[in-house]
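S.K.: next input, structure requested:
(4 chains)
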Protein chains: 2
Amino acid sequence: MNDTKYAKYEQPGVTIDLVIFTVDEDQLKVLLVKRAEEPFAGYWSIPGGFLQKGESLDDAALQVMEEKTGVSDVYLEQLYTFGRPDRDPRARIITVSYFALIPWKKLAQPESRKVTGLAWSPVDTAPELAFDHNEILDYAVKRLRAKASYSNIVYGLLPEAFRLSDLQKIYETIIAAKLDKRNFRKRMLATGLLEETGKKDLVGAHRPARLYRFKKREVVYLD
Amino acid sequence: MNDTKYAKYEQPGVTIDLVIFTVDEDQLKVLLVKRAEEPFAGYWSIPGGFLQKGESLDDAALQVMEEKTGVSDVYLEQLYTFGRPDRDPRARIITVSYFALIPWKKLAQPESRKVTGLAWSPVDTAPELAFDHNEILDYAVKRLRAKASYSNIVYGLLPEAFRLSDLQKIYETIIAAKLDKRNFRKRMLATGLLEETGKKDLVGAHRPARLYRFKKREVVYLD
DNA sequence: CCAAAAGTGTTATTGATACACCCATGC
DNA sequence: GCATGGGTGTATCAATAACACTTTTGG
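M.R.: Down below sits the predicted model:
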């Protein structure tokens, strides 16, 4: 920008911060990174980074995603932009927040989990975070819960093929409530968004489960 | 910001753009301003302005609102942040968009309507706008339609006291569909969000209508 | 008395909820 | 044969949708 022309306006730093969710061990978890530097050195924060020259906001979010998880083909949605003048003690910085969903299985490869300074924290026991990141996290959790109730967004937390009981578990975890198995299956199959893969899940000493997949791995709103 | 430390990052200009809605003549309308300067001189755009030093995003939005309409006590909600690198030909500028709702009556005072270079355009016949403002407008319309269906957000388009038929008209205008009068009234009164003012609207050669108001003029989600 | 909008109930349909037992497999 | 999770149907209740006439006022 032309500094003489725009001198009286703020030219803030712009960052992208990501709330990356997964469901693991029947808990909704969020990826946190430990800050090495001031401000908030030693605090946990959600992963983020500065917007690079020529980069779109979505690209910047993807960039952070790949950097921290090694994974890029995930559900990603812009959340909200936070810009309180004092939210960063260093300088005026506004942050465009995103939330992402990632199936636990994708992360189960050892290399993407061993990075130190990274941790998956259950959302309800998340520690005090740097900056206004608790606020961002709360906002993301609300959005996820709401959106799960009127869309098929949970596909982002599931692998390609899954059992209906997996799907139900994901819903129960997100909304923190038990659901009736028969009603749940009826409702899900009635949406017409699922199809059988024809395969069966053979693990365990019990009747094998049919495996389903989402016909389309993109957001569809119900009703 | 410290320019040496952050030199490799983008320091974009940050603007706030507002989609200001009202309902008038049974049409959903949006406030447009005519651009005098390049780029897009002569084009219509939605009102906006640069973020000022020390100003929060919400404050900046309010500022623009007051500047263009003379009104500040209105419904205002952050919408989405647009940041394609080429969205402004001058420089890298990202814009945090907001949408606002304003009751037509508030604008009916002559002084706030006479400003030249301002126009209320029906949303479905809006012209080609500057920058990516058509995209922002479309996004706002979708958000408004969706939110009207599961919240009491329409209070922002109504004066303090109104007839149930006014309320119904607003809904019909937003969702572009006719509603059944009896079912509509039953449903609205069942929400418990309305109360009678005790007064009656006496205009017109017909039975006077009871006037209602929202118990709380703040967003409540239904269900 | 006519025109105009306000106000009011009942029935049918649809969708949501509650609820319990048999099935297929591995060990 | 027993433990484990998979898979299925029906009856009740609640919410939504369809539908038409009487009332009150001003002119």
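
S.K.: going by C-alpha atoms from here, please, whenever you check contacts or count neighbours.
M.R.: Will do.

S.K.: mind showing which ranges of chain A have poor pLDDT?
M.R.: Counting by pLDDT under 70, the low-confidence segments of chain A come to A:1-8, A:108-115.

S.K.: ok, longest strand in it?
M.R.: Assignment by DSSP state E gives strand A:13-24 as the longest strand of chain A.

S.K.: anything in that strand near chain B?
M.R.: Yes - using CA under 8 Å from any CA of the partner chain, strand A:13-24 reaches chain B at A:13, A:14.

S.K.: which residues are in contact with that strand?
M.R.: A:28-31, A:46-51, A:57, A:60-61, A:64-65, A:91-104, A:136-137, A:140, A:157, A:170, A:173, B:1, B:9-12 (CA atoms under 8 Å, 6 or more residues apart in numbering or on different chains).

S.K.: one more pass at 7 Å, please.
M.R.: Under the contact criterion CA atoms under 7 Å, 6 or more residues apart in numbering or on different chains, strand A:13-24 has outside partners A:28-31, A:46-51, A:60-61, A:92-104, A:137, A:140, A:157, A:170, B:11.

S.K.: how about the helices in chain A?
M.R.: For chain A, the helices defined by DSSP state H occupy A:57-69, A:104-107, A:133-150, A:164-175, A:181-190.

S.K.: what's the local residue count around residue A:151?
M.R.: Neighbours of residue A:151 under the rule other CA atoms under 10 Å in any protein chain shown: 15.

S.K.: surely it meets residue A:218?
M.R.: No - Residue A:151 lies out of contact with residue A:218 (CA atoms under 7 Å); the separation is 9.9 Å.

S.K.: dump the residue contacts of the residue lying closest to residue A:42 once chain neighbours are set aside.
M.R.: In this structure, residue A:42 finds its nearest non-sequential neighbour in residue A:35, 5.3 Å apart by CA to CA, 6 or more residues apart in numbering or on different chains. Taking CA under 7 Å, 6+ apart, we find residue A:35 in contact with A:41, A:42, A:43, A:44, A:45.

S.K.: phi, psi of the first one?
M.R.: Meaning residue A:41. As for residue A:41, its main-chain torsions (degrees, to the nearest 10) stand at phi -60, psi 140.

S.K.: also the third one?
M.R.: Backbone geometry at residue A:43, expressed as degrees, to the nearest 10, gives phi -80, psi 160.

S.K.: that one: neighbour count?
M.R.: Counted with other CA under 10 Å, the neighbours of residue A:43 add up to 18.

S.K.: surely it meets residue A:32?
M.R.: No - counting by CA under 7 Å, residue A:43 stays clear of residue A:32, with 9.8 Å between them.

S.K.: what is the neighbour count of residue A:84?
M.R.: Around residue A:84 there are 18 other residues, counting by other CA under 10 Å.

S.K.: correct me, but it touches residue B:58?
M.R.: No - with contact defined as CA under 7 Å, residue A:84 does not reach residue B:58; the gap is 8.8 Å.

S.K.: distance check, residue A:92 against residue A:171.
M.R.: 39 Å (CA to CA, to the nearest Å).

S.K.: tell me what residue A:49 is bridged to.
M.R.: residue A:16 (DSSP bridges).

S.K.: can you name the residues of chain A sitting close to DNA strand D?
M.R.: Chain A has residues A:163-165, A:181-183, A:185, A:205-210 near DNA strand D, with proximity defined as CA under 7 Å from any atom of the strand.

S.K.: switch the cut-off to 10 Å
M.R.: By CA under 10 Å from any atom of the strand, the residues of chain A that approach DNA strand D are A:162-169, A:180-186, A:189, A:196, A:199-212.

S.K.: can you select the buried ones among the residues you listed for me in PyMOL?
M.R.: Typed into PyMOL, the next command selects the buried ones out of those (criterion: 16 or more other CA atoms under 10 Å in any protein chain shown):
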select buried, chain A and resi 162+163+164+167+168+169+184+200+210+211+212
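
S.K.: so which of the residues of chain A next to DNA strand D also contact DNA strand C?
M.R.: Counting by CA under 10 Å from any atom of the strand, the members of the residues of chain A next to DNA strand D near DNA strand C are A:180-186, A:200-209.

S.K.: report the buried residues of stretch A:98-107.
M.R.: Across stretch A:98-107, burial judged by 16+ other CA under 10 Å covers A:98, A:99, A:100, A:101, A:102, A:103, A:104, A:106.
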